[in-house]
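A.B. asks: Kindly return the folded structure for what I paste below:
(4 chains)
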Number of protein chains: 2
Amino acid sequence: MQINQSNVSVRDLRAFTALAELRNFTRAAKECNLSQPAFSALIRALEDSVGVRLFDRDTRKVELTAEGRLFLESATRLLQDFGLALTDLRDLATRRRGRVAVAVLPALAAGWLPDVLAEFHQAYPGIELDVADALADECIDRVRAGKADFALASSRSTSAELTSELFCADRFHLVCRRDHALAGRRRVTLQQLAEEPFIHLARSSSVRQHIDQAIWPGRARKVMELDQLSTVAGMVRAGLGITVVPALTLFHFRHPELVTVPLEAPGMVREIFLLRSRDRGLSIAARTLYELCVLRKPAMRGPRSPA
Amino acid sequence: MQINQSNVSVRDLRAFTALAELRNFTRAAKECNLSQPAFSALIRALEDSVGVRLFDRDTRKVELTAEGRLFLESATRLLQDFGLALTDLRDLATRRRGRVAVAVLPALAAGWLPDVLAEFHQAYPGIELDVADALADECIDRVRAGKADFALASSRSTSAELTSELFCADRFHLVCRRDHALAGRRRVTLQQLAEEPFIHLARSSSVRQHIDQAIWPGRARKVMELDQLSTVAGMVRAGLGITVVPALTLFHFRHPELVTVPLEAPGMVREIFLLRSRDRGLSIAARTLYELCVLRKPAMRGPRSPA
DNA sequence: CACACTTACGATATTCGTAAGGATT
DNA sequence: AATCCTTACGAATATCGTAAGTGTG
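C.D. replies: Predicted coordinates for the structure are as follows:
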C-alpha cells in the first residue's frame, strides 16, 4: 500500500461495481472490455490501493467482503456523482444549459437585440438570458463586476481590465415631417440644418453629446429638451421641429408622417464597442452569443430611410 | 473526446484543484510531484476527457473558465467524498471502527467471554460489539440470518450453509458440598454418583441432555428440576443433593461450601463448536475477534476444581 | 475434466522528465 | 531579460493480451 498516494480512477470504480454485481471475473472483465487476467490485476491493484481486500474469491465463488460491501456503497455514489458532474459540464459545453448576461445600450437593446436573442434562444433554448439595457457607464461597470459577460456600449473601456473592440459605427440621420422642405433629399448636411428648430435629447445622453460636438450649441435653434426618444418622435410629428439621431434609434421614428434622411457629416459617428473582461474568458454560452452578435451586427452605414 | 469512456482518476482531480487554487502550472506541478510539462499534459488530457476547456491560460495568467468553475465545485466534492470513503474503509481495516456480532452459549457468554471481550475492547475500542447469549438453535439461526458473524454453540450446523469447527470440549464435573463423602476425591465416576440425590436442570438444556444420555434416567435419584444454574447452586449448597455440570459453568458454583470434582466419564463431553457462514467471509473486525477467541479458548480438560 | 481465477511474460501504450521553443511583461 | 506555458522526444513505466498454471466441484 502506498502512503496515502492512492490513485483510483473512475474506470477502477466501474470495474469494482461491475464485479460486485456480476460476482464473476470473466463476465465483469467482458463488461469492461478487458481480458480476464487484466481485469483480475486491476481488481488486485484497486485492493492494494485502498488497502483492503474487497472480494473473497476462490475458483468457484466471488463475494464481496464486509469491507467491500461498505465500499460498494461509496463507489456507487461516487460514480453517480461523477456522472452528474460530467453531464452538467457537457450540458454547458453543448449549450444545452448555461447562462449569458449582457449589458446593452437601450437603443440596441430595443431595436436590434431582440431578433438576435430570438435566434439565439431558438438555437439554445436551455440557456438562460440576462439582458441589462443600460447606458455606457453602467454597461462598463457590469462587465467589470462580472455581472455581465460582455457589453455593447458607446464608449471605450476606461480601465485596463476591459478590452474593447469596435462593434459598429452608428451614423446620424435627420428626422423631420414628410412635408418638411428637406424631406425629399437623399442626403442633408449640417449646414442645411443650422437654422431648423431642433428637438434635443437630455445632455446626459450620448447622442446629445455627439450632436453638441458637431453642431456647436449656439448654432442650433433649440426648441426643447426631452428624455425619451419616443417623446421626441411625437414632437417632431407634431411639427415642433426636427431632430438628429443615430441610425440604430430610428425604429422610434417609423411613422407615416415622418421621414429620415442620412446626414452628410463624415466625422460625426457614434461608435459602439464590444467590451469584455480582459482576463476572464467568456463561457461557452457567452462566446456563442458573442459570435452571433458579431455575425448579426448592424450594417456599418445604418439602415436606409424607411421613406 | 472519447465516446463517454472518460477515465478520470483521483489524481487528475487533485491536479485540477491544485491548479485551480494556485493558478500556476509550475507550482501546481510541484505540489503534485510532477514535472511542469507532464503536469501540463495531464491537465490537457483531463480537459479532453471531460470534453471542456477548464482553464484559460496564456504565459502570464491561468484562470478557470466559467465551465471550470462549475467543475471545481464538483471536483472538490468528489475528492472529499472519496477521501471519506477511503477513511471509512481504512478505519475498518485498521480496526479503528467496525462491528462484530456474535452469538454465544450462555455459559460461555457469562463465564469465559467477558474477559475475552474486555481484552478485545481494550485493543480496539472503536469496534462495536453485539453479543447474543442464546441457546444452540438460536445461535445457528443468527449466523445463518447474518445477524451474527459467528457463534459458539454446542451443536454442529444442521445445514450446509454453515461451517463448524470444534472449539473446545467441555467436560463434566461433580458439584457437591464440602462435607459430602465424595468431596475429597481427585476424580469420581458415574457409578459413584448413581445413588446420590440429583438436582437436575430442565430437559431442554444441552447439559441435561448429555447427562440423561450418560446416566440413564432411571438410575439417578432426581430430587428436583430447575431452570437456572445459580438456583441449582443454591440447592446443592443447602444440602438437597448433588449435581453434574460442564466445566464452563463452574463459575456459578464458586462458593466456600461447595466443591467440584472432575468426572471420570470418557465419552461424556459437551463439545462446543465455532460456527460461521460458509460463503460470507468474516469482516476484519469479526476475524480479529474470532482469532482472539481461538487464542483464548478454554483448556480442553476444563479448569481444575477450585478446592 | 471443465470451469474460473491467478501467474508469467513479451508486446504495446502511456506517462515521465529533460531540453528546446514561444509568448508576454 | 525573466517568467511561464507548450512542444518535442527518448526513456522509464504501466497496462494489456496470450498462454500456461492451479485449484475446485
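A.B. asks: Distance check, residue A:297 against DNA strand D.
C.D. replies: According to CB to the nearest atom of the strand, to the nearest Å, residue A:297 and DNA strand D sit 31 Å apart. The C-beta positions use only the backbone N, C-alpha and C, and glycine is treated the same way.
A.B. asks: Backbone dihedrals for that residue, please?
C.D. replies: Main-chain dihedrals, residue A:297, degrees, to the nearest 10: phi -60, psi 150.
A.B. asks: which residue packs closest to it, ignoring adjacent ones?
C.D. replies: Distance criterion CB to CB, 6 or more residues apart in numbering or on different chains; nearest residue to residue A:297, sequence neighbours excluded, is residue A:168 at 5.2 Å.
A.B. asks: got a list of what that neighbour touches?
C.D. replies: Counting by CB atoms under 8 Å, 6 or more residues apart in numbering or on different chains, residue A:168 makes contact with A:271-272, A:297-298, A:300.
A.B. asks: and the stretch of helix or strand residue A:276 belongs to, C-alpha only, in CSV?
C.D. replies: Per DSSP states H and E, residue A:276 falls inside strand A:269-277. C-alpha atoms of strand A:269-277 as CSV (Å, rounded to 0.1, in the frame of the first residue of the first chain):
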residue,chain,number,x,y,z
VAL,A,269,-20.2,58.9,-35.9
ARG,A,270,-21.4,57.2,-32.7
GLU,A,271,-19.1,54.3,-32.3
ILE,A,272,-20.4,51.3,-30.5
PHE,A,273,-17.9,48.9,-28.8
LEU,A,274,-18.0,45.4,-27.7
LEU,A,275,-16.5,45.3,-24.2
ARG,A,276,-15.4,42.3,-22.1
SER,A,277,-13.1,41.4,-19.3
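A.B. asks: For it, which residues meet the burial criterion?
C.D. replies: Residues of strand A:269-277 classed as buried by neighbour count (16 or more other CB atoms under 10 Å in any protein chain shown): A:269-270, A:272-277.
A.B. asks: With pLDDT as added columns, please give the residues you listed in JSON lines.
C.D. replies: As requested, the buried residues of strand A:269-277 are arranged in JSON lines below (pLDDT from 0 to 100):
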{"residue": "A:269", "pLDDT": "90"}
{"residue": "A:270", "pLDDT": "91"}
{"residue": "A:272", "pLDDT": "93"}
{"residue": "A:273", "pLDDT": "93"}
{"residue": "A:274", "pLDDT": "93"}
{"residue": "A:275", "pLDDT": "93"}
{"residue": "A:276", "pLDDT": "90"}
{"residue": "A:277", "pLDDT": "86"}
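A.B. asks: which residues of the stretch 1-150 of chain A score low on pLDDT?
C.D. replies: By pLDDT under 70, the weakly predicted segments of the stretch 1-150 of chain A are A:1-5.
A.B. asks: Could you identify the helix or strand that succeeds the lengthiest strand in chain A?
C.D. replies: In chain A, assigned by DSSP state E, the strand with the most residues is strand A:162-177. The element immediately downstream of strand A:162-177 (helix or strand, assigned by DSSP H and E) is strand A:188-189.
A.B. asks: Am I right that residue A:110 is in contact with residue A:230?
C.D. replies: No - the criterion here is CB atoms under 8 Å, and residue A:110 misses it with residue A:230 at 10.0 Å.
A.B. asks: Make sure residue A:272 is actually in contact with residue A:153.
C.D. replies: Yes - using CB under 8 Å, residue A:272 is in contact with residue A:153, at 7.0 Å.
A.B. asks: list the residues that contact both of these two?
C.D. replies: residue A:105.
A.B. asks: Where does residue A:101 sit: helix, strand or coil?
C.D. replies: Following DSSP: H, G, I helix; E, B strand; the rest coil, the label given to residue A:101 is strand.
A.B. asks: Apart from its neighbours in sequence, what residue is nearest it?
C.D. replies: Leaving out its chain neighbours, residue A:101 is closest to residue A:130 (CB to CB, 6+ apart), at 3.9 Å.
A.B. asks: so that neighbour sits in a strand?
C.D. replies: Yes - using three-state DSSP, the secondary structure at residue A:130 is a strand.
A.B. asks: Could you give the number of residues near it?
C.D. replies: Residue A:130: 13 surrounding residues under other CB atoms under 10 Å in any protein chain shown.
A.B. asks: same deal with residue A:257?
C.D. replies: Neighbour tally, residue A:257, other CB under 10 Å: 13.
A.B. asks: From residue A:212, how far off is it?
C.D. replies: 27 Å (CB to CB, to the nearest Å).
A.B. asks: Repeat that for residue A:290.
C.D. replies: According to CB to CB, residue A:290 stands 33 Å off from residue A:212.
A.B. asks: So between these two, which is more surrounded?
C.D. replies: Between residue A:290 and residue A:212, counting by other CB under 10 Å, residue A:290 is the more crowded of the two (18 against 13).
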